[in-house]
Each structure stands twice: as structure tokens, then as C-alpha cells.
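Colleague: need a structure here:
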Amino acid sequence: MRSPVLAPSILSADFTRLGEDIAACQAGGADWMHVDVMDGHFVPNMTLGPLIVEACRRATSLPLDVHLMIEKPENMLEAFAKAGADRLTVHVETCPHLHRTIQQIQALGVKAGVTLNPATPAIMLKEILPLVDLVLVMTVNPGFGGQNFIVETLPKIVEIRQALDAIGSNAWLEVDGGVSEKTLPALMKAGVDAFVAGNAVFKHPNGIHAGIKTLRAVLADNL
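Modeller: Residues are numbered from 1 along each chain as shown. Okay, here's the model as predicted:
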């Protein structure tokens with residue numbers, strides 16, 4: 001099993017000091033920076049656009065893992081690629097022509113990911129799985145940070161891990177939602193190797209470095 005990846009989500013950062021928080025994540029040992037993009041339509045919240053991604057790109061050399069929780073993501077792919085995204089992840093639920101969308105992302109020179117909401121079954125990935133670079137399983141309903149982990153998503157994660165292994169895929173299996181020192185062991189056992197963490201990093205009582213260090217210790221203990 002390859003070394004797990006930790007991707008702090010800037011959704012939980014202090015936006016009055018975003019550059020400093022991102023720099024602290026990089027200095028603290030984060031692997032990627034996760035950027036949640038919400039349009040107020042597909043999810044009940046609005047967040048970030050290409051300008052913020054561009055600002056994040058200037059603030060860090062870490063890969064930018066950009067999660068598009070938006071309708072018609074195909075219309076925005078080029079803008080986010082130009083802004084500096086290293087990975088673009090789109091939802092099964094918003095892409096009626098998913099193969100085309102994944103091909104568009106990869107044609108832009110960006111890694112392509114696909115994601116499922118908690119209630120969307122793993123079978124929805126069957127046809128696209130050989131083509132993607134990352135699979136993201138939402139372990140909370142998307143839209144807001146700080147939600148409780150939905151434990152019923154664990155069997156789906158196991159199913160997707162088995163499917164990836166069966167086809168010899170090197171795609172990352174990522175989770176987003178409720179990731180903490182308490183949920184990490186079960187997620188690792190299920191086969192996850194990329195972890196998006198928001199409050200566990202940015203809201204840690206002893207600061208960002210301590211949050212990352214705490215999660216790293218749990219990951220090391222469960223390898």
C-alpha cells in the first residue's frame with residue numbers, strides 16, 4: 001500500500017489569512033491542498049471560483065486538488081485548469097456525459113477525478129472507473145464543513161477499493177467529510193489512501209501544524 005495522502009481543505013481555513021494558512025499546511029507536511037468549489041445550485045452553498053484557485057497556486061507549490069460541486073462543470077474546466085488546478089474532480093450526479101467530461105479534463109493536462117454523494121451507489125462508477133485518476137467518496141452530504149461522518153458510506157468505499165484493485169487501477173481513493181483521528185482507522189481499513197481534512201487541521205486547538213501531526217500519527221499507526 002502506498003503512503004497515504006493528506007489534503008487539508010481550505011473550506012475550513014481563515015479566509016482573512018488564506019495564504020498564511022496554506023503556507024502553514026505546506027510547512028506542516030500536507031501533501032495536497034483541497035479546494036471545494038460550490039455554485040449554490042448543486043449544493044446549498046457558494047464558495048470559490050478560479051480566482052481563488054489562482055491565489056492558492058501562488059501561495060503553494062503543493063498540488064491543488066479541486067473538487068467541482070457545480071452544475072455543468074464542463075463549462076468551467078478550462079478556467080480552473082488555467083488557474084492552476086492539478087486535479088479536477090466532477091460529480092457523477094452533474095455529468096450526463098461523464099466520459100466526455102473526464103476526457104476534457106485530461107486533454108487539459110490535468111488529472112481527472114470523479115466523485116459520488118453519500119447516497120449514490122458505487123455501481124455508477126463501473127463504466128468510468130478504468131479512465132479516472134482519482135475517485136472521491138463523499139462521507140458527508142456536500143455543501144458545508146464540520147458535518148458528522150456518515151458511517152454507512154464505509155461498505156461503498158470497500159466496494160470501490162475492490163473494484164479498483166480488480167482492474168489494476170492506480171487511481172487514488174479519496175474521502176471527504178468528517179475525517180478525523182477517530183474516523184481515520186476505519187477509512188484506512190476500507191482502503192482509502194487520500195484524505196481530505198478540514199476542521200481536523202484548521203480548527204485544531206493547538207494550530208494547523210498540530211492538526212496535521214495528529215492525523216499523520218494515526219495514519220502511521222494504521223499502515
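Colleague: where are the low-confidence patches of this structure?
Modeller: 1, 44-46, 143-146 (pLDDT under 70).
Colleague: now the helices for it?
Modeller: Ranges of helices in the chain, per DSSP state H, are 18-28, 50-59, 77-83, 98-107, 154-166, 184-190, 199-202, 208-221.
Colleague: Quick one, which of those helices gets closest to Val137.
Modeller: helix 154-166 (5.4 Å; C-beta to C-beta). No exception for glycine: its C-beta is placed from N, CA and C like everyone else's.
Colleague: Deepest-packed of the helices of the chain, please.
Modeller: Per residue and on average, the most neighbours among those fall to helix 199-202, with a mean of 24 (mean count of other C-beta atoms under 10 Å).
Colleague: I figured Leu185 hits Leu223, correct?
Modeller: That one is not Leu; residue 185 is Pro. No - counting by C-beta atoms under 8 Å, Pro185 stays clear of Leu223, with 10.9 Å between them.
Colleague: Distance-wise, check the most far-flung residue of the chain relative to its centre relative to Gly28.
Modeller: Going by C-alpha atoms, centre = their mean, the residue of the chain most distant from its centre is Asn206, 24.0 Å out. Here Asn206 is placed at a distance of 11 Å from Gly28 (C-beta to C-beta, to the nearest Å).
Colleague: go on, Met38?
Modeller: 26 Å.
Colleague: Leu184 too?
Modeller: Distance from Leu184 to Gly28, by C-beta to C-beta: 17 Å.
Colleague: before we move on, back to that, and the helices of the chain: which comes nearest His91?
Modeller: Of all those, helix 98-107 comes closest under C-beta to C-beta, at 9.3 Å.
Colleague: how far out from the middle of the chain is the closest one?
Modeller: Distance of helix 98-107 from its chain centroid, counting by C-alpha atoms, centre = their mean, to the nearest Å, is 18 Å.
Colleague: Which elements pack onto that helix?
Modeller: With contacts defined as 3 or more C-beta pairs under 8 Å, 6 or more residues apart in numbering; DSSP states H and E, helix 98-107 has these neighbours: helix 77-83, strand 87-91, strand 111-116.
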